[in-house]
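S.K.: got a predicted structure plus its sequence, pasted below:
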Amino acid sequence: MEADEEYDAIWFGGGASGRFGAAYLKARGGNPLIVEKKGLGGECHECRCAFENYVADQASMAELLKSYSGLGWYSKFELGENSMAKVVEIYRKVGQPAFHDAMTHQSVEQLGLDVAWGEGKIIDKNTVEVNGKTYRGRALIIAMGSRPTIPDIPGTDLKNVWTYKDHPEIQKDPEKLVIIGGGKIGMAKAAMFAAFNTEVTVLEKYKCLAKWDWEVRNWIFGDFKRKGIKVFEGVEVKEIKSDGKVEAVVAEVNGKVIEFPCDAVMLAVGLTPNSEAIAHLGVKIGNQNEIVIDKGCRTNVPGVYAVGDVTGPPYFMAVARKQGMIAARNIMGENAEWDDTLPLPDHIYIPPLEATMVGLTEAEAREKYDDLMIIRVPWGERPRNIKPLTYIPGFENQGLPVCGRTHSLNLFFYGENRNGLHKAIVDPKSRRYVGFHHVGDGAKTAFQYLSYLLQQGWTIDQMADLHEIFLNAEHFVQLSRLVAGQKELKGYSAQTATEDYTK
Ligand code: COM
């Protein structure tokens, strides 16, 4: 077939992996085309990272207003008007078009990338058709992303049964929301909706936030308890019941069938890669619907690459963008590979705070090392029933988990002792860190770099030698320095949780 236009590489999908991959390929001297039907930047600004960040900020404000209203020097705030539907309406009006235009401007005007707008059709591994025009590429890169997995239960097609994709579209706040799935998406959505006074229940088949450190999980469960969010684990969801509209989720919990009344349901049981468009090319597809690739993002069909969510978990934007870059380098004749020694940091919004992690959890580290040093705050039993704006004598024994910004101190002073957790895990023999865990005002920036430092074998002595800017978000420098002088490192914190909120 004669093509209308020829390219070095055709990126099928202009999300994070396609956009960054095409930009990298062009920067390396190549000639890329992106095929995109909706908007460059993918789901990020529609309904994922950028949207979540914005909603988490609004939910944090709502939580903080609730905490401070009428306390100390704060006036009483009128909270009756707080509404998730209003929050997302603003995003629809401002956020979505603004990001859409920014992505297009950056990609097309600044970077000079060619985009074929429209629903593309892959004819063969070198030919793509968009709006009746054919494009030929020396390489084809599948960057089709993923979609929410829909569980196989009756009722998922009802109105008011949502996935994260529907969140920006909601028109009315739910009174009672059941979230099916207690992973990163489900738990963050629970905290966000609860901030706007929706009654939230999370139903998880196995264990919520299973890969997170026990203390972070415990902290989040405690926070949810305080906020009235109910969490059930080991749940078998049977159906979403309706009488025309959503009425309840029916589920088996500990052998008993229970109805959870609700007017909306959020499905958050995972993601499914959008690999269907490539089936006819003979590309190998794995059992999670993912396109199987090697470390260089090559599929089993020569000249066909796949990047981002379509290649399966972990579904992280950083992975997608980097895979785009790796594919680009390989198409341009280099030999680039995914480096699996660089640990992936992870993050979850629990408004008004955030949890962040990188490296091993304490349980994983205990399997691997004979002994561990755990550096943490708080380090003692946390006081109960704290009255806001009061000092509890003896608090010096319990550590002060300030987390850097105003609200962390505020959350400490203004009540309820929910201002965070910092935990670094060290192998005392090598003096190297093996994991970092954090709940606080937000430590995403630090964790990007901690990931690299972990990979490099960063030691407690090197950390103690850094220059902190106090107060900072995660306190690892100063906490480490306090104990780094020890010739033989011994843990100075043997605390276990005084209450297991996960039970
Ligand atoms: C961010 C999307 S909005 S991308 O990764 O920059 O394309």
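M.R.: Done, it's in.

S.K.: show me what contacts Gln323?
M.R.: 17, 21, 297, 307-308, 311, 338 (Cβ atoms under 8 Å, 6 or more residues apart in numbering). C-beta: built from backbone N, CA, C; applies to glycine.

S.K.: check contacts around whatever residue of the stretch 51-200 of the chain ends up closest to the ligand.
M.R.: Residue of the stretch 51-200 of the chain nearest the ligand, by Cβ to the nearest ligand atom: Phe99 (5.4 Å). By Cβ under 8 Å, 6+ apart, the contact list for Phe99 reads 41, 44-45, 50.

S.K.: then Ile179 would be within a strand, right?
M.R.: Yes. Judged by DSSP: H, G, I helix; E, B strand; the rest coil, Ile179 forms part of a strand.

S.K.: from Leu389, how far off is it?
M.R.: 34 Å (Cβ to Cβ, to the nearest Å).

S.K.: of those two, which one has the most company?
M.R.: Ile179 (28 against 10; other Cβ atoms under 10 Å).

S.K.: quick one: that one and Thr198 touch, right?
M.R.: No. Contact criterion Cβ atoms under 8 Å: Ile179 and Thr198 do not qualify, at 10.3 Å.

S.K.: if we can go back for a sec, ok, and of the contacts of Phe99, which contact the ligand?
M.R.: Here is what survives when those are matched to the ligand using Cβ under 6 Å from any ligand atom: 41, 44-45, 50.

S.K.: just the buried residues of the helix or strand encompassing Tyr135, please?
M.R.: Secondary structure from DSSP states H and E places Tyr135 in strand 133-142. Residues of strand 133-142 classed as buried: 135-137, 139-142 (neighbour count, 16 or more other Cβ atoms under 10 Å).

S.K.: try stretch 140-151
M.R.: In stretch 140-151, counting by 16+ other Cβ under 10 Å, buried: 140-146, 148-149, 151.

S.K.: following the strand holding Tyr135, which helix or strand comes up?
M.R.: Counting by DSSP H and E, what follows strand 133-142 is strand 146-148.

S.K.: CSV please, covering the contacts of Gln323 and showing distance to the ligand and secondary structure.
M.R.: Shown next, in CSV, are those (distance: Cβ to the nearest ligand atom, whole Å; DSSP: H, G, I helix; E, B strand; the rest coil):
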residue, distance to the ligand, secondary structure
Ser17, 8, helix
Gly21, 10, helix
Cys297, 16, coil
Val307, 12, coil
Gly308, 9, helix
Thr311, 16, helix
Trp338, 18, coil
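
S.K.: in ChimeraX, select just the buried ones from those.
M.R.: A single ChimeraX command selects the buried members of the contacts of Gln323 (16+ other Cβ under 10 Å):
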select :17,21,297,307,308,311
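
S.K.: pick out the most distant pair among the contacts of Gln323.
M.R.: Gly21 and Trp338 (13.4 Å; Cβ to Cβ).

S.K.: show me which of the ones next to the ligand among the contacts of Phe99 is closest to Phe412.
M.R.: Nearest to Phe412 among the ones next to the ligand among the contacts of Phe99, with distances taken as Cβ to Cβ, is Ala50, at 30.0 Å.

S.K.: and the closest one, that one's in a helix?
M.R.: Yes. Counting by three-state DSSP, one finds Ala50 located in a helix.

S.K.: Trp212 contacts Met357, doesn't it?
M.R.: Yes. Using Cβ under 8 Å, Trp212 is in contact with Met357, at 6.3 Å.

S.K.: which neighbours do these two share?
M.R.: Contacts common to Trp212 and Met357, judged by Cβ under 8 Å, 6+ apart, are 346, 437.

S.K.: who's more crowded, the two?
M.R.: Each of Trp212 and Met357 has its neighbours counted (other Cβ under 10 Å); Met357 has more, 26 against 21.

S.K.: low pLDDT regions in the chain?
M.R.: 1-2, 379-385, 394-406, 415-418, 491-498 (pLDDT under 70).

S.K.: quick check: the residue of it nearest the ligand.
M.R.: Closest residue of the chain to the ligand, Cβ to the nearest ligand atom: Ala16 (3.1 Å).

S.K.: from memory that residue sits against Gly41, does it?
M.R.: Yes. Assessed by Cβ under 8 Å, Ala16 is found in contact with Gly41 at 7.1 Å.

S.K.: more neighbours, those two?
M.R.: The residue with more neighbours, out of Ala16 and Gly41, is Ala16; 29 against 24, by other Cβ under 10 Å.

S.K.: name the element the residue nearest to that one when sequence neighbours are not counted belongs to?
M.R.: Nearest in space to Ala16, with sequence neighbours left out and distances taken as Cβ to Cβ, 6 or more residues apart in numbering, is Ala320 at 4.2 Å. Per DSSP H and E: Ala320 is located in helix 317-331.

S.K.: chain center to that helix, what's the gap?
M.R.: In terms of Cα atoms, centre = their mean, to the nearest Å, the centre of helix 317-331 is set 19 Å apart from its chain centre.

S.K.: helices or strands up against the very next helix or strand once past it?
M.R.: Once helix 317-331 ends, the next helix or strand along the chain (criterion: DSSP H and E) is strand 346-350. Counting contacts by 3 or more Cβ pairs under 8 Å, 6 or more residues apart in numbering; DSSP states H and E, strand 346-350 is packed against helix 49-68, helix 184-195, helix 214-227, strand 353-359.

S.K.: which elements pack onto the helix or strand just after the longest one?
M.R.: Secondary structure here is assigned by DSSP H and E; on that basis, the next helix or strand after helix 49-68 toward the C-terminus is helix 84-90. If contacts are counted by 3+ Cβ pairs under 8 Å, 6+ apart, helix 84-90 sits against helix 49-68.

S.K.: spell out which parts of the stretch 251-400 of the chain neighbour the ligand.
M.R.: 317, 321.

S.K.: farthest pair within the buried residues of strand 133-142?
M.R.: That would be Arg136 and Ile142, which, of the buried residues of strand 133-142, are the farthest apart (Cβ to Cβ) at 16.3 Å.

S.K.: quick one: the helices in the stretch 351-500 of the chain?
M.R.: 362-368, 406-413, 444-455, 460-464, 476-484 (DSSP state H, counting those that start in this stretch).

S.K.: can you redo the ones you listed as JSON lines with mean neighbour count?
M.R.: JSON lines is the format used below for these (neighbours: other Cβ atoms under 10 Å):
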{"stretch": "helix 362-368", "mean neighbour count": "14"}
{"stretch": "helix 406-413", "mean neighbour count": "18"}
{"stretch": "helix 444-455", "mean neighbour count": "17"}
{"stretch": "helix 460-464", "mean neighbour count": "19"}
{"stretch": "helix 476-484", "mean neighbour count": "19"}
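
S.K.: out of those, which gets nearest to Val301?
M.R.: helix 444-455 (32.3 Å).

S.K.: contacting residues around that closest one?
M.R.: 341-345, 347, 354, 356-359, 433-436, 438, 458, 462, 472-474, 476.

S.K.: mind giving me the ChimeraX command for buried ones among these?
M.R.: Filtering those down to the buried ones (16+ other Cβ under 10 Å) takes a single ChimeraX command:
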select :343,345,347,354,356,357,358,359,433,434,435,436,438,458,462,472,473,474,476
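
S.K.: surely Val35 is within a helix?
M.R.: No. Under three-state DSSP, Val35 sits outside any helix and is assigned strand.

S.K.: what's near enough to touch it?
M.R.: Contacts of Val35 (Cβ under 8 Å, 6+ apart): 10-14, 115-116, 118, 120, 128, 130, 135.

S.K.: what number of residues are in the vicinity of the closest residue to Lys172 other than its chain neighbours?
M.R.: Of all residues not flanking Lys172 in the chain, Ala85 sits nearest, at 5.5 Å (Cβ to Cβ, 6+ apart). By other Cβ under 10 Å, the residues close to Ala85 number 13.

S.K.: quick check, Ala85 in contact with Pro168.
M.R.: No. In this structure, Ala85 is not within contact of Pro168 by Cβ under 8 Å, at 10.5 Å.
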